[in-house]
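Q: Need the 3D shape of this:
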Amino acid sequence: MNKKLLVINLFVHDMKAPLAVIGSGAKRLRTHMIQSPYGSVGRGLVEKILFTKGHANQLLDEILSMDAKTRTGRGLSHGRKRVPFVSSFFSRVKTTFLQKKVRDSEISLYGLIEDLKTVLTDLADTIHALEIKGKSFDNVRHGKAALRRMRRNAKIASHLADNAIAILVNREAGVTMTVQPISRIVQPALVEVFDLLSPQTSEAIQSAGSLAELNQLLLVNELRLNLDADVWHTAIRCDADKVKQVLVNLLLNAFKFRRQWVCLEVRLLADRVVFCVIDDGRGISKQDQAYIFKHRFQVKSARDFPVRGHGIGLAGAQALLECIDGHLELESEIGKETCFSAILRNIKQDNAAEQG
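A: Presented below is the predicted three-dimensional model:
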């Protein structure tokens, strides 16, 4: 599978997480509404959210099934391999035919993602309509917070769809370089991660006003944030959306395999920035490390966890970093800590104050 399609696969696969948050929030609201004076209109909107979320999941499965065909030679990457040059008419005809088949596959993929984008827009509109109706939520415990998480995750899913489309139509993989403080990359990534792990913590992370407050909150939730205030406010030039998505994948993997804690460390070097995600799990054998960045490879975990582990996330994260002139490194062995380092090269550092 080529790098471009692998990155698209990563964005599409990662839509499952925000959709799961939306689904669990809607089910919680539906349970509370049975005994609340919310009215049939509100309950109808919740049922519409669940139905639309189910439709979105069906489209996701259809898009990801195209990837399954890729591995059997019938799907998106059919004809991607170079045909050995033979100076003959039949060789040129065959090459043209295979290239056309690839273009047709990408057009089909584009259509499916566009359909998914339409469904996600409908989902966001329904959540907004429920929020307007939500004045009655004063009597529903955590109702307003659940709606905020649902709205936030609808935006995340829609943004992932936009990224997938941008990469599909752009040979440069839709790279958008901006100058952002590290805080505006790390904090949104943490909010997204804890939407799955602990919704109440996610809300608190989003409203944390200082690094000290955030650190205190994360320590209670088994996450150490190893960086000082100067690093936190330092601005770097990068594709912030893609770096954030890599961090989300690495952090979710680390939480799946940890024993007691996870650590996120940020190091500023002369010509690069390194985001290290460390867990105290059982480690990864040298044998598994040889395959860890292969598409669909998974290291088994004894923990039950709401999201996938090492697999498409790592392969996709590696491809995503390579699109922005970075790479992913792994340090681990059985019985010791595991450290994944997302290394961004040729980074221009600026003072965060210049951002305004």
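
Q: all helices for the stretch 101-250 of the chain, in order.
A: 143-169, 183-197, 199-207, 211-220, 229-233, 240-257 (DSSP state H, counting those that start in this stretch).

Q: would you turn the ones you listed into a markdown table with mean pLDDT, distance to A124 and mean neighbour count?
A: Backbone N, C-alpha and C define where each C-beta goes, glycine included. Below are the helices of the stretch 101-250 of the chain laid out as a markdown table (pLDDT from 0 to 100; distance: least, CB to CB, whole Å; neighbours: other CB atoms under 10 Å):
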| stretch | mean pLDDT | distance to A124 | mean neighbour count |
| --- | --- | --- | --- |
| helix 143-169 | 85 | 4 | 21 |
| helix 183-197 | 93 | 16 | 21 |
| helix 199-207 | 90 | 18 | 18 |
| helix 211-220 | 94 | 28 | 15 |
| helix 229-233 | 93 | 31 | 15 |
| helix 240-257 | 90 | 18 | 24 |
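
Q: now those helices as JSON lines including distance to H13?
A: Shown next, in JSON lines, are the helices of the stretch 101-250 of the chain (distance: least, CB to CB, whole Å):
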{"stretch": "helix 143-169", "distance to H13": "9"}
{"stretch": "helix 183-197", "distance to H13": "14"}
{"stretch": "helix 199-207", "distance to H13": "21"}
{"stretch": "helix 211-220", "distance to H13": "26"}
{"stretch": "helix 229-233", "distance to H13": "30"}
{"stretch": "helix 240-257", "distance to H13": "10"}
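
Q: what's the closest of the ones you listed to T126?
A: helix 143-169 (9.0 Å; CB to CB).

Q: So which elements touch that closest one?
A: Where contact means 3 or more CB pairs under 8 Å, 6 or more residues apart in numbering; DSSP states H and E, helix 143-169 is packed against helix 3-14, helix 16-33, helix 89-133, helix 183-197, helix 199-207, helix 240-257.

Q: what about the last one, distance to the chain center?
A: When you say that, I think you mean helix 240-257. Remark: helix 240-257 is offset 7 Å from the chain centroid, using CA atoms, centre = their mean, to the nearest Å.

Q: just the angle between that helix and helix 3-14, please?
A: Angular relation of helix 240-257 and helix 3-14 on a 0 to 180 degree scale: 60 degrees, by axes from the mean of the first three to the mean of the last three CA atoms, to 10 degrees.

Q: Give me the helices and strands touching helix 240-257, please.
A: With contacts taken as 3+ CB pairs under 8 Å, 6+ apart, helix 240-257 sits against helix 3-14, helix 143-169, helix 183-197, strand 262-268, strand 272-279, helix 312-323, strand 338-345.

Q: Compare those and give me the one nearest I292.
A: helix 312-323 (6.0 Å).

Q: For the closest one, what is the distance to the chain centroid?
A: Distance, centroid of helix 312-323 to centroid of chain: 11 Å (CA atoms, centre = their mean).

Q: What about L60, how many residues nearby?
A: Using other CB atoms under 10 Å, L60 has 21 neighbouring residues.

Q: Could you double-check that it lies in contact with M15?
A: Yes: if you go by CB atoms under 8 Å, L60 and M15 touch, sitting 5.9 Å apart.

Q: would you turn the helices and strands packed on helix 240-257 into CSV with distance to L217?
A: Converted to CSV, these look like this (distance: least, CB to CB, whole Å):
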stretch, distance to L217
helix 3-14, 24
helix 143-169, 16
helix 183-197, 9
strand 262-268, 13
strand 272-279, 18
helix 312-323, 25
strand 338-345, 23
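
Q: which one of the ones you listed lies closest to D115?
A: helix 143-169 (10.0 Å).

Q: I113: neighbour count?
A: With other CB under 10 Å as criterion, I113 counts 23.

Q: any idea how far it is from A20?
A: For I113, the distance to A20 (CB to CB, to the nearest Å) stands at 19 Å.

Q: Touching stretch 193-207 from outside, list them.
A: Residues external to stretch 193-207 that are found in contact with it (CB atoms under 8 Å, 6 or more residues apart in numbering): 17-18, 20-21, 25, 145-146, 148-149, 152-153, 187, 190-192, 214, 217-218, 221, 248, 251-252, 255, 306-307.
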